[in-house]
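Q: generate a structure from the sequence data that follows.
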Amino acid sequence: MKSIVFAGGCFWGVEHYFKSVPGVRGTLVGYINGNYKFPTYEMVCTGITGHTEACKIEFDTNETNLFILLEHFFFIIDPTLLNRQGMDVGTQYRTGIYYYDEEDKDLVEEYIDIIKECYHDPIVVEVSSAKEFWEAEDYHQNYLENNPNGYCHIMPYKYKLLNKVDQNARSKI
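A: Now for the predicted structure:
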């Protein structure tokens, strides 16, 4: 098992999407790489903590890999938007990839270097080691499952294409 943390705007949609990705064994939403201990949602929303809303993903390396997960992540975000996705605006909504293994950093940077030519604007996804990850409050966990009409910046058609994205990514390795 390995872990990676993705920040792609509001953490509700990122978690909901990745729960359905083959090989993902667990998700947990929370706050990462900020300046305060024990941040709350209200604190993070002010922007003063420096945290970003993120989703920690545990995956089985016998069933998937980081390349496939990166394909999914870049499918659901606009990597050229700074501090926002959809209607969510603020530093807590910045996009980021936070790794636990140095070898993952190299793969992430290589991946971004390859895909950057596909965009007119620069990719602004933060790539950094995962420092402290703070679990979000219980009501944020599995939010879209518990609140099916909740807001999500990820367009619904992307959930429907999840299996196609996965099959395409697997065919490249």
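Q: which outside residues touch the helix or strand hosting residue 165?
A: In this structure, residue 165 sits in helix 162-171 according to DSSP states H and E. Applying C-beta atoms under 8 Å, 6 or more residues apart in numbering, the contact partners of helix 162-171 are 17, 20-22, 67-68, 71-72, 75. To be clear about C-beta, it is placed using only N, CA and C from the backbone, and glycine gets the same treatment.
Q: count the neighbours of residue 171 for me.
A: Residues lying near residue 171 (other C-beta atoms under 10 Å) number 7.
Q: distance of residue 51 from residue 26?
A: 21 Å (C-beta to C-beta, to the nearest Å).
Q: kindly apply the preceding question to residue 72 instead.
A: 16 Å.
Q: more crowded one of the two?
A: When residue 72 and residue 26 are compared for neighbours, residue 72 comes out ahead with 23 against 13, by other C-beta under 10 Å.
Q: return the residues in contact with the residue nearest to residue 107 when sequence neighbours are not counted.
A: Spatial nearest neighbour of residue 107, excluding adjacent residues (C-beta to C-beta, 6 or more residues apart in numbering): residue 66 at 5.5 Å. Each residue near residue 66 by C-beta under 8 Å, 6+ apart is listed here: 2, 4, 104, 107-108.
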